[in-house]
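Peer 1: coords please:
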Amino acid sequence: MGQVQMICVRMGLQAISHVLQRTSVHVRRRHYIGAEIDEQIIIDHRS
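Peer 2: Residues are numbered from 1 along each chain as shown. Predicted coordinates:
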């Protein structure tokens with residue numbers, strides 16, 4: 001019984017870490033796109 005619970009907990013932790021990794025990549029990508037847009041706006045203002 002205890003062993004089964006341990007396996008469930010381990011699988012749950014793996015799932016949580018997987019979701020966290022995906023969201024962190026998502027946030028980083030969104031930050032990068034935001035920086036690119038800011039650069040484009042600055043370039044447009046200069047010309």
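Peer 1: Let me know the pLDDT of the residue positioned nearest the centre of the chain.
Peer 2: By C-alpha atoms, centre = their mean, the chain has its centre lying nearest to S24, at 1.9 Å. With respect to pLDDT, S24 scores 78.
Peer 1: ok, now how distant is it from Q40?
Peer 2: Going from S24 to Q40 by C-beta to C-beta, to the nearest Å gives 25 Å. The C-beta positions use only the backbone N, C-alpha and C, and glycine is treated the same way.
Peer 1: sorry, back to before: sticking with the residue nearest to the centre of the chain, tell me its helix or strand.
Peer 2: Element membership of S24, judged by DSSP states H and E, is helix 2-46.
Peer 1: on contacts alone, who are the packing partners of that helix?
Peer 2: Applying 3 or more C-beta pairs under 8 Å, 6 or more residues apart in numbering; DSSP states H and E, we find helix 2-46 packed against no helix or strand.
Peer 1: any idea how far the residue nearest to the centre of the chain is from M6?
Peer 2: Per C-beta to C-beta, S24 is found 27 Å from M6.
Peer 1: Repeat that for L13.
Peer 2: L13 is 11 Å from M6, by C-beta to C-beta.
Peer 1: same thing with D44?
Peer 2: Taking C-beta to C-beta, one finds D44 at 58 Å from M6.
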